[in-house]
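Peer 1: Following is a predicted model, sequence given first.
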Amino acid sequence: MHRIAIVVGLVAVLVGPSAVLAGLVLVLGRTVNTWCAPADPAVVQVPDGLVAYAVDGTPVLLNRVQLTHAATIITIGTRTEGVGGDGILVALMAALTESGLRMLANTTAYPESATLPHDGDGSDHDSLGLFQMRPAAGWGSVGELMDPHYQAAAFYGGPTGPSHGSPRGLLDIPGWEQLPKGAAAQAVEVSAYPDRYAAFEPVAVAILDALTQASAATEPASFADTSAALPPAARVVFPLPAGTWQRTSGFGMRVNPVTGVYELHAGVDYAAASGTPILAVADGSVVFTGRTAGGANSIQIAHTISGAPAVTAYRHLRDGGTHVAVGDQVIAGQHIGDVGSTGNSTGPHLHFQVHPDGDNGSPVDPEPWLTGAADLTQPALAQAAAPACPTAEVP
């Protein structure tokens, strides 16, 4: 059973053995196998956060900003004739896959997008926003595509959609209701990776349920209930996707290739293409983002792994390539940043560092620490098909 946790009150609960979130409410029992979208959902609440589970049980953490974008998608879908609950699920799956429900600027293709409200900076061609729509493909202007309401309306399309059928929105695709939801999302997005949307179906179900159901089941969870319900932070994954990196320098004394000084290299370097996703190695809490003394963009995350504290550091991220903030709770495999070459660096790479006794502890060789770490081919979620709900007539 895929469990769903909604963050709404002021009850402190564990996400991992020691990572604390405020305001978690627990809902058990709804799964993609037993729940189908209502025909005409309406948003009744936007929680402060939500922990939902993918089809393979992997947790996905969403904050209030992301859920506010989800509420926009739901509201526009409810107001658009012919969409219904199933169409809203398709849209949520697409936005989760394309942007992680974030309003992404694209300062490389459109520097002016950074002057408009946004949640981060993307870099996929000239794509923008929640659904990663491209001005060059005719979806709209930069200003229009940086508006979540416009993007949701364009995704749904149909007679009242802003694109007038070209590019095609969901309602412009004949027979979309009979397609698996992941296939329907792909029909709109026309992605080079068509199978990835299905992994998010149970997450979309959790979001729609959480935002539209004023359920009596949402009683505050006790500390003990929640720590038992959420997965432990014992899982460790490799900090870069499989097949994307090459080890270039290990832990130990060496001559610094930039400064020429013989000194301790306190981590391990993995060369990878600029922009390669950097993954959190375990559940934890972000305790630092910013530049190191050497000028490298850096992220540090505090964890409790197998009962022991640890801090991991990820350095030389490219400018604009930090996707978390201090205080954010992250999960193992989450895309937290992008490989770059900032600071004292000879080329794009990730410098990965481990302090097993916390931030004040001495660094240790990360490679033995990573022994047995899971290799992910992409951030956060594996892909798997989820069963479709029975077809229902939408008024």
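Peer 2: On my side now, so go ahead.
Peer 1: Please make it C-alpha for all contacts and neighbour counts, starting now.
Peer 2: Noted.
Peer 1: In contact with V236, which residues?
Peer 2: Applying C-alpha atoms under 8 Å, 6 or more residues apart in numbering, one finds that V236 lies in contact with V281, A282, A332, L370, G372, A373, A374.
Peer 1: how about those, which pair is most distant?
Peer 2: Put simply, by C-alpha to C-alpha the two of the contacts of V236 set farthest apart are A332 and G372, 14.0 Å from each other.
Peer 1: quick one, which of these two is more surrounded?
Peer 2: Taking other C-alpha atoms under 10 Å, A332 and G372 do not tie; A332 has more neighbours (25 against 12).
Peer 1: Tell me the spacing between the residue nearest the centre of the chain and A204.
Peer 2: Closest to where the C-alpha atoms of the chain average out (C-alpha atoms, centre = their mean) is G100, at 4.3 Å. Counting by C-alpha to C-alpha, to the nearest Å, the gap from G100 to A204 is 11 Å.
Peer 1: Same check on D375?
Peer 2: From D375 to A204 the distance is 25 Å (C-alpha to C-alpha).
Peer 1: When these two are compared, which one has more neighbours?
Peer 2: A204 (26 against 15).
Peer 1: Wait, that one touches M93, no?
Peer 2: Yes - with contact defined as C-alpha atoms under 8 Å, A204 reaches M93; the gap is 5.7 Å.
Peer 1: so who does G87 touch?
Peer 2: Contacts of G87 (C-alpha under 8 Å, 6+ apart): G77, Y156, L170, E177.
Peer 1: lowest average confidence, helix or strand, in this structure?
Peer 2: helix 223-229 (a mean of 29; mean pLDDT, DSSP states H and E).
Peer 1: going on from that helix, what's the next piece of helix or strand?
Peer 2: strand 245-249 (DSSP states H and E).
Peer 1: So which bits of that following strand are buried?
Peer 2: W245 (16 or more other C-alpha atoms under 10 Å).
Peer 1: What is it packed up against?
Peer 2: Contact partners of strand 245-249 among helices and strands, from 3 or more C-alpha pairs under 8 Å, 6 or more residues apart in numbering; DSSP states H and E: strand 268-272.
Peer 1: If we use 10 Å, what do you get?
Peer 2: strand 268-272, strand 349-355 (3 or more C-alpha pairs under 10 Å, 6 or more residues apart in numbering; DSSP states H and E).
Peer 1: how big is the angle separating that strand from strand 349-355?
Peer 2: With axes from the mean of the first three to the mean of the last three C-alpha atoms, to 10 degrees as the basis, strand 245-249 and strand 349-355 are set at 70 degrees to each other.
Peer 1: Adjust the sequence numbering to begin at 54 for everything that follows.
Peer 2: Fine by me, first position is 54 from now on; the one you just mentioned is strand 298-302.
Peer 1: Now do strand 298-302: everything it contacts.
Peer 2: Around strand 298-302, the neighbours that count as contacts under C-alpha atoms under 10 Å, 6 or more residues apart in numbering are 292, 318, 320-326, 329, 402-404.
Peer 1: Repeat the analysis, applying 7 Å as the threshold.
Peer 2: Around strand 298-302, the neighbours that count as contacts under C-alpha atoms under 7 Å, 6 or more residues apart in numbering are V321, D322, Y323, A324, A325.
Peer 1: One more: stretch 144-155?
Peer 2: Q119, H122, A123, D172, L183, F184, Q185, A238, Y250, F253, E254, A257.
Peer 1: returning to that earlier point: go through the contacts of G140 and give me the one with the most neighbours.
Peer 2: Y209 (31 neighbours).
Peer 1: ok, that one touching D225?
Peer 2: No - assessed by C-alpha atoms under 7 Å, Y209 is found out of contact with D225, at 8.2 Å.
Peer 1: now the helices for the stretch 154-303 of the chain?
Peer 2: For the stretch 154-303 of the chain, the helices defined by DSSP state H, counting those that start in this stretch cover 195-198, 201-209, 234-242, 254-265, 276-282.
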